[in-house]
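*Asks:* using only what follows, build the 3D model:
(chains A and B)
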2 protein chains.
Amino acid sequence: MREAYQVELEQLAQHLAAMSAQVAEAMELATRALLEVDLGLAEQVISDDAKVDDARAECEEQAYALLALQAPVATDLRTVLAAIHAAESLERMGDLALHVAKAARRRHPDPVLPEAVRPYFTEMGGAAVKLARQVEQVIQTKDVAAAKDLEAADDQVDDIHRHLFTVLMDREWPHGVAAAVDVTLLGRFYERYADHAVSVAKRMIFVVTGRMPGYGSDEDLTV
Amino acid sequence: MREAYQVELEQLAQHLAAMSAQVAEAMELATRALLEVDLGLAEQVISDDAKVDDARAECEEQAYALLALQAPVATDLRTVLAAIHAAESLERMGDLALHVAKAARRRHPDPVLPEAVRPYFTEMGGAAVKLARQVEQVIQTKDVAAAKDLEAADDQVDDIHRHLFTVLMDREWPHGVAAAVDVTLLGRFYERYADHAVSVAKRMIFVVTGRMPGYGSDEDLTV
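*Replies:* Below is the predicted model:
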């Protein structure tokens, strides 16, 4: 049973790696749609989201089959459940990319972002996508040391997010309330995406190594 | 095994009912802290959040024990996994109540909400808490018909949330950008809380009946 379990677990991990690549791509395109005011890219992210939902359903089915057929216990059981949680977070990351794309579409042909805050979103988008790609890498290489960068990338998103708020709250903000509302929500979407990415990455380290990394915040890591 | 499974599943359901009551209480107090500008209530919600996190960890441990000892298959397996997902959503609802309480604390002794939007938050808060209480009720009474109100309460939150945005986006909004940012995020917290509540309620209907309700949005229901 142990060998069959390992083979099936590896397949499940590969499935989650593919899902990570999907949601990284979604956020990359959504960010470009936002920054380049590109309706076509926004539409693509919006229509592709169903594929992320399907991938999550497939991951869950695979995990259920593994539980039902192998009835794993102890660490093996926790590993499969970590994979189920990771799939849920990845789907949520896809939803957040979708929200960014929808914001870009809603204001088109106007840009959502005032010129002054564009650099913040360029940086947050880059860091968020990098986090999602690192998940894929952790699975492919099983190089857990590489995952140490995760915290740094997440801290970067948090720092930019905080800075964005000081810009918004500044009495001199000249772009009006509607733009402030859009920027507030978009900032939140990136911040949540990055949080989920870190949580997924830590879970996947657990899936590939059987040990949960202890560094940093673990609010989402009760698996 | 089947009887032992049923007993343990019922215990797990009771645990989730207690958790629903906790997060209903948290959102009720957080909303009062917000509306009544009450620092003591805000502090209480903030310090009580650790109990919700503990309760979630206990629910997961109970679910893991059930999986490891009973090795359920088919519907039984899906039921336990639905309970695990429900616990995750309930913890998230607790986090959202915590965010509301933190917003109240951050601006104290100033009110976060301009007078004009207080009625929206009174209503959204009431509907959100009602949703969480319905989850508890569904588990206690196993009266699935009562759960039909869920959709109505969630629609109510969505309607108020949408209306709140039209108020914010109005060119006449006189309360400044900082207040708009606070109101935007708070509105989002209530909307997310209600979404999670509906998803938990549907999952708990599945846990107590073995059938997933099909009505309404099922984006979160890939269990």
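
*Asks:* which residues does residue A:129 contact?
*Replies:* Going by Cβ atoms under 8 Å, 6 or more residues apart in numbering or on different chains, residue A:129 touches A:24, A:27, A:28, A:31. C-beta: built from backbone N, CA, C; applies to glycine.

*Asks:* of all the residues you listed, which comes closest to residue B:135?
*Replies:* residue A:27 (32.1 Å; Cβ to Cβ).

*Asks:* who's in contact with the closest residue to chain B within chain A?
*Replies:* Here the residue of chain A nearest chain B is residue A:71; by Cβ to the nearest Cβ that distance is 3.9 Å. Contacts here follow Cβ under 8 Å, 6+ apart; on that basis residue A:71 touches residue B:71.

*Asks:* check what pLDDT it gets.
*Replies:* Predicted confidence (pLDDT) for residue A:71: 92.

*Asks:* next: residue A:103.
*Replies:* 97.

*Asks:* without its sequence neighbours, what residue ends up closest to residue A:94?
*Replies:* Sequence neighbours aside, residue A:52 is the residue nearest to residue A:94 in space, at 3.5 Å (criterion: Cβ to Cβ, 6 or more residues apart in numbering or on different chains).

*Asks:* count the neighbours of that neighbour for me.
*Replies:* 23 (other Cβ atoms under 10 Å in any protein chain shown).

*Asks:* can you pull the buried residues of the helix or strand in which it is found?
*Replies:* Assessed by DSSP states H and E, residue A:52 sits inside helix A:39-70. Neighbour-count burial for helix A:39-70 flags A:41-42, A:44-46, A:48-49, A:52, A:55-56, A:58-60, A:62-64, A:66-67, A:70 (criterion: 16 or more other Cβ atoms under 10 Å in any protein chain shown).

*Asks:* what ranges do the helices span in chain A?
*Replies:* Secondary structure of chain A by DSSP state H: the helices cover A:2-36, A:39-70, A:74-107, A:118-141, A:149-169, A:176-209.

*Asks:* pLDDT below threshold where in chain A?
*Replies:* A:1, A:146, A:148, A:212-223 (pLDDT under 70).

*Asks:* flag every residue of chain A that's near chain B.
*Replies:* Listed as neighbours of chain B in chain A under the rule Cβ under 8 Å from any Cβ of the partner chain: A:53, A:56-57, A:60, A:64, A:67-68, A:71, A:73-74, A:77-78, A:81, A:84-85, A:88, A:91, A:95, A:165, A:168-169, A:173, A:176-178, A:180-181, A:184-185, A:188, A:219, A:222-223.

*Asks:* before we move on, the earlier item: which of the contacts of residue A:129 lies closest to residue B:201?
*Replies:* Checking those one by one against residue B:201 (Cβ to Cβ), the nearest turns out to be residue A:27, at 30.4 Å.

*Asks:* now that closest one: closest residue in space, sequence neighbours ignored.
*Replies:* That would be residue A:97: by Cβ to Cβ, 6+ apart, it lies 4.3 Å from residue A:27.

*Asks:* got a list of what that neighbour touches?
*Replies:* Contacts of residue A:97 by Cβ under 8 Å, 6+ apart are A:23, A:26, A:27, A:29, A:30, A:45, A:49, A:193.

*Asks:* with residue A:183 instead?
*Replies:* Taking Cβ under 8 Å, 6+ apart as the test, what residue A:183 contacts is A:112, A:113, A:114, A:117, A:164, A:168.

*Asks:* contact partners for residue A:136?
*Replies:* Going by Cβ under 8 Å, 6+ apart, residue A:136 touches A:17, A:20, A:21, A:24.

*Asks:* now do residue A:32 against residue A:161, distance only.
*Replies:* Distance, residue A:32 to residue A:161, by Cβ to Cβ, to the nearest Å: 20 Å.

*Asks:* just give the number of residues close to the closest residue to residue A:37 other than its chain neighbours.
*Replies:* Spatial nearest neighbour of residue A:37, chain neighbours left out: residue A:111 (4.8 Å); criterion: Cβ to Cβ, 6+ apart. Neighbours of residue A:111 under the rule other Cβ under 10 Å: 16.

*Asks:* now for residue A:19, how many residues are close by?
*Replies:* Around residue A:19 there are 28 other residues, counting by other Cβ under 10 Å.

*Asks:* check residue A:172 too.
*Replies:* Using other Cβ under 10 Å, the number of residues around residue A:172 comes to 6.

*Asks:* tell me how far stretch A:91-106 lies from the chain's centre.
*Replies:* 11 Å (Cα atoms, centre = their mean, to the nearest Å).

*Asks:* and stretch A:171-189, by the same measure?
*Replies:* Mean-position distance between stretch A:171-189 and its chain equals 23 Å (Cα atoms, centre = their mean).

*Asks:* CA atoms only: put it into CSV for me.
*Replies:* This file holds the C-alpha atoms of stretch A:171-189, laid out as CSV (Å, rounded to 0.1, in the frame of the first residue of the first chain):
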residue,chain,number,x,y,z
ARG,A,171,-4.9,64.3,2.5
GLU,A,172,-3.3,65.2,-0.8
TRP,A,173,-4.8,62.2,-2.7
PRO,A,174,-6.1,64.0,-5.7
HIS,A,175,-7.8,61.1,-7.6
GLY,A,176,-11.2,61.1,-6.0
VAL,A,177,-13.1,58.5,-3.9
ALA,A,178,-14.0,56.1,-6.7
ALA,A,179,-10.4,55.5,-7.6
ALA,A,180,-9.5,55.1,-3.9
VAL,A,181,-12.2,52.5,-3.6
ASP,A,182,-10.9,50.6,-6.6
VAL,A,183,-7.3,50.8,-5.4
THR,A,184,-8.3,49.7,-1.9
LEU,A,185,-10.0,46.5,-3.1
LEU,A,186,-7.2,45.7,-5.6
GLY,A,187,-4.6,46.1,-3.0
ARG,A,188,-6.5,43.7,-0.8
PHE,A,189,-6.8,41.2,-3.6
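
*Asks:* what residues sit buried inside that stretch?
*Replies:* Neighbour-count burial for stretch A:171-189 flags A:173, A:175, A:177-189 (criterion: 16+ other Cβ under 10 Å).

*Asks:* just stretch A:18-28 next, same as before
*Replies:* For stretch A:18-28, by 16+ other Cβ under 10 Å, it's A:19, A:20, A:22, A:23, A:24, A:25, A:26, A:27, A:28.

*Asks:* same question, stretch A:11-20
*Replies:* A:12, A:13, A:15, A:16, A:17, A:19, A:20.

*Asks:* list the contacts for the first one?
*Replies:* Put plainly, it is residue A:12. Per Cβ under 8 Å, 6+ apart, neighbours of residue A:12: A:59, A:62, A:63, A:66, A:80, A:83, A:207.

*Asks:* quick one: it from residue A:81, how far?
*Replies:* 12 Å.

*Asks:* can you pull out the residues in contact with stretch A:156-173?
*Replies:* By Cβ under 8 Å, 6+ apart, stretch A:156-173 touches A:116-117, A:120, A:123-124, A:127-128, A:131, A:180, A:183-184, A:187-188, A:190-191, A:194, B:177-178, B:181.

*Asks:* thanks again, I'm all set now.
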